[in-house]
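Undergrad: predicted structure and sequence below. I'll ask about it afterward.
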Amino acid sequence: MADDEQPTEGQAFMKDIVGEMDFPAEEELVAASWEKNDTFKETLRLSEGRPDFTFYDGPPFATGLPHYGHILAGTIKDAVTRYAHQSGHHVSRRAGWDCHGLPVEYEIDQSLGIKHRDQVLEMGIETYNKHCRSIVTRYSKEWERTIKRLGRWIDFENDYKTMDPWFMESVWWVFKSLVEKNLVYRGYKVMPFSTACATPLSNFEAGLNYKDVQDPAVVVAFPLRDDPEVSLLAWTTTPWTLPSNLALCVNKAFDYIKLRDIKSGKVYYCGADRLVQLYPVMATKKYKPAMKAELMEELGTVKGSELVGLKYEPMFKFFADREQSFVVCEDNYVTNESGTGIVHQSPAFGEDDYRVCLAHGVIAKGEEIPCPVDSNGLFTSEVGEYAGQYVKTADKALCEEIKANGRLVSKDSYTHSYPFCWRSDTPLIYKAVPSWFVGVESIRDKLLKANAETYWVPAFVNEKRFQNWRVELEGAKDWAVSRNRFWGTPMPMWVSDDGEEMVAVGSIAELKELAGVEVTDLHRESVDHITIPSKQGKGDLKRVEEVFDCWFESGSMPYAQLHYPFENKDKFEKNFPADFIAEGLDQTRGWFYTLTVLGAALFDKPAFKNLIVNGLVLASDGKKMSKRLKNYPDPMKVIDSHGADALRLYLINSPVVRAESLKFKEEGVQATVREVLLPWFNAFRFFVQQARRLEMTCGDRFVPNPEAAAKSTNVMDNWIQATFQGLVQFVHTEMKAYRLYTVVPRLVEFIEQLTNWYVRLNRNRLKGAEGADSATSGLFCMYEVLLTMSVLMAPFTPFFSEYTYRHLRECHPDRDGGEDVAEDAPGRASSVHMLMMPEVDESRLDPQAESDMRAMQTVIDLGRSAREKRGISLKTPVKGITVVCKDEGTLKALEKLQGYVKGELNAWEVVLEADEKSWCTLTAEVNNKVLGKRLGKARDGVKKALVKLDTAALWPLLEGGTVEVAEHTLSADDLMLKRGFKGDTSVFQAAVSEDGKVMVVLDTRKDEKVLSQKLAREIVSRIQKLRKKSGLQVGETVEVFFQDDTKEGVAGAAVAANSALVEDAVRCMPLPASRMPEHAVPLGHERFCACGGGDGKGEEATADQEPDFTVFLTRPCLSVDQEAMDAKCVGAKVDPTVATQLLASLDYDRVRREGNATTVLTVGEACVTVDLGADYFLDAREALRKRCPEDMKWAL
């Protein structure tokens, strides 16, 4: 019977599943029902009073649409929080939005054409901020729609926004708390600076977006003031910093050569190990030491320490009046890995430059140092004709001037990794700016302690990235938290004009108390004008202009989302730190870092206990996904085409959950539908079909019985239940450890075990072939597995899990349970997501059953492999297979399961053989990992000698012995032993397992019996396909007839010889077409070539051969014994043809249902009485039973 047959309506209680599965359409229906019934809220209501599981959702910007990175992280978060809920916790899942900062301002600047800070001031901060406010939630509805369609449950109604005044007030509290802990200071520091966004960035922001770029690389000369004929050579990739050069730096321990360049005749100082920078030929293969004299004349060598203090001539005259500048300094940061060993120092544009110049008195702490570049990256009037030029653009003109002055020694290009602004994607510069800093350096130990108390998944991210980056934790830099921008939380710092009196404000109430002004909003337009009277007689304190870095706000979200400490104090303190967070790998230098800094600084705790870090989702070509390049499919279109469950499962069953990169391919989502969801659905639908069949057969409603399922003695039932309990145990263990990357593959593997092994091998039994009791027992077992599987899979595939649960719920005994059944109990619960995760039933764990099944699966897989190697399809029976294995336990298991082996491999006989020596040959290869270390070069001699060893010499190794090879004593661990087949390969085909412990040998000899059964199976296949083509449902009874035109009737003979097989497969006995009543209603027929050329040898038919066999399907109809009818009609003087036609017109279903034994046929004024079972019958086969010729006995 075809797998897709379904019972007719009205004959079963269970709801039918008709047609193909449209996953996206069904998901839409499920999502609509969740929305209508407020299912998410219901689960929260039901979980009230349970222990809290605290989860922080990193707030995204809603200025753009969600991409696959968001979808991936959201799926991970949803899976973990759903599991936490279903494990007995109350899990609030609150949505949040990042509203402030560069991403928003950058978009407004682009849309309004704003390029300079003055343009904003001219427009007015209030107007500018209104524009910003108008776009921060531009795509929030699209986000909500996408997230809900993805199946993620998160509370949008009670969301938080970083621009809400109550959120901003908590941010003020965080900052004031840091001030009170003496962790805040104002400094002048070289910082990564975005000229596109006109603001400094933090060090970790600068690390978010590195790119390989090509910059000009120049070597320039700095003549000594006391000896202008001698110059110091410095190398730089930022010529635009040369106008503000104030010093040069050497390494005091290095040697520096004084040389005369042969080509120019000029005299230079250059690092002894860096002459290659001046003479690149020295790095080539053609260079010979003798060539050195052609390039340069060595005049002497000095240590770097001897150069320290020398004065030199400035490159430009812009800052030439600085007497303390233009001097040689020293520092160990100078290396001999690149450049000339002499580094030019521009303290306004380099962190090391600033430090070195400060240490050597070139600049003074707090003084305004030469910084001729504005916030947009343009030169100021301090550098004359270069004013107004973008610094990177000015490189060319500067090099030309340097060359014209005779100080450009060489110019080349240099490719290196360079930081870009993470938002505008433009090159950063390093620039000295006044900023407010959090003193992270002083709490490094707290950071390390907090990090040690967190659990990272996968662990290597913490061990190799966050803690290898531990260099940054141990030497963490102070965090610049201020931004010279407009749309953000204003820094709550009021300062006197002389900068000596400072007041940090920590709340709206405190501001009112200090300034006498009450505000309802905290943005700049609402607080910039407010002053606080000085307590030191310094007039009014004014608020500093800066706003907070948006990372400071997102790092404050654990406190600010609850408006802590102004509200929810107990709730926060009870649930901090969070149980769980999850984001992408890029957040190790972003949100994870800021959470850690603030948690450690404020509470000496980590902000989170457990963390899942996902990798990056790339385009299919491995490049970054780009809206501009359109190199990835629209996520919503993928969901609409294949379903959200498929996308979720594809993402979290990939390397990206192990923090590796994923090249996103829509074909992978399609494959998830095809290989996971569809087989799962087919298994579920098959269960429904067979439960309906059972209901039709027994006339009773199918009511699952978990106790009966647990007591089943069927070996397959026991195996699938044991395997499932092992799965439950594994899922709990791994989910508690947050290892989704191990859980999901195991779940997918179980679906394969259920569909390809349990259902496949039990198909006929579940259809009733072994009796109603056995089928019922199997269906009880399958129901329990499918029901519990829907719960176990719910966090990962929320839609299809809901779909299957709702169907299975209909026949659950507690479906309409009263008040004594809990609302979240299986059956009564209206949603699978209300159910608790199953606990493992250890009584059903059975490692032996699982081991036995693995042995059987190995044999079946090897048998299929052997068939494939020989080109023998599974439709063709084989005489027998021999399983060769010396392990007694394996053979004992196979003895119990050989019926399944025979059925799956279509073999007449299975022979179990322990005598390997009679069946196997042995060859050996060197185990390189073992012998490579031990023998070294001698391994090659062993390798050659092994070829000469025969099976007999190698056999002792399998019995724990050793063998002498090339004067070395070797054991089985030193070699890789491979088994081969010892017999006649023209007759037998063998396949060996990977571990070599099992060999399956196929007997490929053919005889008439084999060919006959092959032909019978082909006919069965044709009948099943015709049923499907005719649109028949399971339970729709039909009659099958055939017309055999094959040579000598071999096809019909094959049906006769294999009648039991044929009847079992198609659920009726095909009869010759001569037995088909003339009045039978045809449903379909098919003509085909049954045996190539009609010779019955089993060869495949070719396209040009004439059909020689026809199959007919008809509706069941009354079949008349014409001889008996004729006799009765003659006596009653009735025309037998008319009487037969009259009989054929009777309602077949009524006759079958009522079973009337006698029927009176009236023809004109005469009538004739005919009897069911004597004169006519319910089908042709019953009619045949009355008068059956000898050659048709097979059909009975």
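TA: Arrived safely.
Undergrad: what about the stretch 501-650 of the chain, any weak spots by pLDDT?
TA: Along the stretch 501-650 of the chain, segments meeting pLDDT under 70 span 627-628.
Undergrad: where do the helices sit along it?
TA: Under the criterion DSSP state H, counting those that start in this stretch, the stretch 501-650 of the chain carries helices at the ranges 508-515, 524-527, 550-555, 557-560, 569-575, 591-603, 635-642, 644-652.
Undergrad: how about the ones you listed in JSON lines, adding distance to P59 and mean neighbour count?
TA: Backbone N, C-alpha and C define where each C-beta goes, glycine included. Listed next are the helices of the stretch 501-650 of the chain as JSON lines, based on distance: least, C-beta to C-beta, whole Å; neighbours: other C-beta atoms under 10 Å:
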{"stretch": "helix 508-515", "distance to P59": "22", "mean neighbour count": "17"}
{"stretch": "helix 524-527", "distance to P59": "21", "mean neighbour count": "18"}
{"stretch": "helix 550-555", "distance to P59": "6", "mean neighbour count": "26"}
{"stretch": "helix 557-560", "distance to P59": "6", "mean neighbour count": "25"}
{"stretch": "helix 569-575", "distance to P59": "17", "mean neighbour count": "13"}
{"stretch": "helix 591-603", "distance to P59": "9", "mean neighbour count": "24"}
{"stretch": "helix 635-642", "distance to P59": "20", "mean neighbour count": "18"}
{"stretch": "helix 644-652", "distance to P59": "21", "mean neighbour count": "27"}
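Undergrad: three-state assignment of V219?
TA: Here V219 is strand, with the state taken from DSSP: H, G, I helix; E, B strand; the rest coil.
Undergrad: for it, name its beta-bridge partners.
TA: V219 forms beta bridges with W235, S410, as assigned by DSSP bridges.
Undergrad: picking up where we left off before, which of the helices of the stretch 501-650 of the chain sits closest to K130?
TA: Shortest separation from K130 across the helices of the stretch 501-650 of the chain is recorded for helix 524-527, at 8.6 Å, computed as C-beta to C-beta.
Undergrad: elements contacting that closest one?
TA: Helix 524-527 is packed against helix 125-135, with contacts defined by 3 or more C-beta pairs under 8 Å, 6 or more residues apart in numbering; DSSP states H and E.
Undergrad: buried stuff in whichever helix or strand comes after the helix it packs on?
TA: Counting by DSSP states H and E, the next helix or strand C-terminal to helix 125-135 is helix 140-149. Buried positions in helix 140-149, judged by neighbour count with 16 or more other C-beta atoms under 10 Å: S140, W143, E144, T146, I147, K148, R149.
Undergrad: how about stretch 898-915?
TA: Q898, Y900, V901, K902, E904, L905, N906, A907, V910, L912.
Undergrad: start and end of that stretch, how far apart?
TA: 18 Å (C-alpha to C-alpha, to the nearest Å).
Undergrad: that stretch: how far from the chain's middle?
TA: On the basis of C-alpha atoms, centre = their mean, to the nearest Å, stretch 898-915 sits 40 Å off its chain's mean C-alpha point.
Undergrad: now that stretch: mean pLDDT?
TA: When pLDDT is averaged over stretch 898-915, the result is 87.
Undergrad: need the residues that contact that stretch.
TA: 716, 760-761, 856, 859-860, 863-864, 867, 874-886, 888, 891, 894-895, 919, 1017 (C-beta atoms under 8 Å, 6 or more residues apart in numbering).
Undergrad: confirm for me that K431 is in contact with F193.
TA: Yes. K431 sits in contact with F193 when judged by C-beta atoms under 8 Å, with a separation of 4.0 Å.
Undergrad: okay, and the common contacts of these two?
TA: Counting by C-beta under 8 Å, 6+ apart, the common neighbours of K431 and F193 are P200.
Undergrad: spit out the contact partners of the residue nearest to R844 when sequence neighbours are not counted.
TA: Residue nearest to R844 in three dimensions, not counting chain neighbours: Q725, with 4.6 Å by C-beta to C-beta, 6 or more residues apart in numbering. Contacts for Q725 (C-beta under 8 Å, 6+ apart) come out as V840, D841, E842, R844, L845.
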